[in-house]
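**Student:** Need coordinates for the following:
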Amino acid sequence: MSHSFFAYIFRMRYIARWALMRNTRTENVEEHSYEVAVLAHALAVIGREIFRKDLDPDKAAAAALFHDAPEIITGDMPTPIKYYNPELKTAYKQVETVAQDKLLSMLPPELVDAYEPLVREADPEVRRYVKGADKLAAWLKCQEELKAGNSEFRRAADETMSALRDMHLEELDWFLDHLAGAFQLTLDDLG
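**Tutor:** Here you go, the predicted structure:
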């Protein structure tokens, strides 16, 4: 029997993000997932090393790699639509659950227990860091677009920053205060 889970996962590169906006550089779900994994790992390291929390950065990074896996089946639903009203949000969650079920059914039965917590974002503490990293990656994308002169991302940048601050995640605040400024620099300025 052929199990197609990983073949599907590798198709994340074909799912475009920010479909409603003009982009100076397109972004796909695969590269976004990598960035979210790097950021989730960093936030968990900050939590562990700076704030002395009992966090596992590797677990956060692994969960982040799979956080948008259902979009292989559903596509990337733009945030303004996904969260437009409670009914639509609930319906999308149901569609997402069906997509998660479908993906997990593509694994050999012996591997389902290992991947199910990642695909379903089962750990609430890890999910919080992945969500923070996901928003942070969106804000960094907005900054990249603004730096390239694309003012279409101004409102998205402001709204995303507000959402980041509303998360009340001290690791996010620390990242924004100590590390985010470097994203404004050119390659020459990074030194």
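**Student:** what sits against the nearest residue to residue 136 once chain neighbours are set aside?
**Tutor:** Counting by C-beta to C-beta, 6 or more residues apart in numbering, residue 136 lies nearest to residue 39, which is 5.2 Å off, once chain neighbours are set aside. Where C-beta positions appear, they are placed from N, C-alpha and C, glycine not excepted. Applying C-beta atoms under 8 Å, 6 or more residues apart in numbering, we find residue 39 in contact with 64, 132-133, 136-137, 175.
**Student:** And the residues you listed, which is closest to residue 25?
**Tutor:** When the contacts of residue 39 are compared for distance to residue 25 (C-beta to C-beta), residue 137 wins out at 14.1 Å.
**Student:** on that earlier part again, quick check: the gap between the residue nearest to residue 136 and residue 67.
**Tutor:** 11 Å (C-beta to C-beta, to the nearest Å).
**Student:** ok so, going back, filter the contacts of residue 39 to the buried ones?
**Tutor:** Buried subset of those (neighbour count, 16 or more other C-beta atoms under 10 Å): 64, 132-133, 136-137, 175.
**Student:** and which of those residues is nearest residue 167?
**Tutor:** Nearest to residue 167 among those, counting by C-beta to C-beta, is residue 132 at 5.6 Å.
**Student:** Now the closest one: which helix or strand?
**Tutor:** helix 124-147 (DSSP states H and E).
**Student:** check contacts around the residue most central in space within the chain.
**Tutor:** Geometric centre of the chain, nearest residue: residue 134, 3.2 Å, by C-alpha atoms, centre = their mean. By C-beta under 8 Å, 6+ apart, the contact set of residue 134 is 36, 64, 67.
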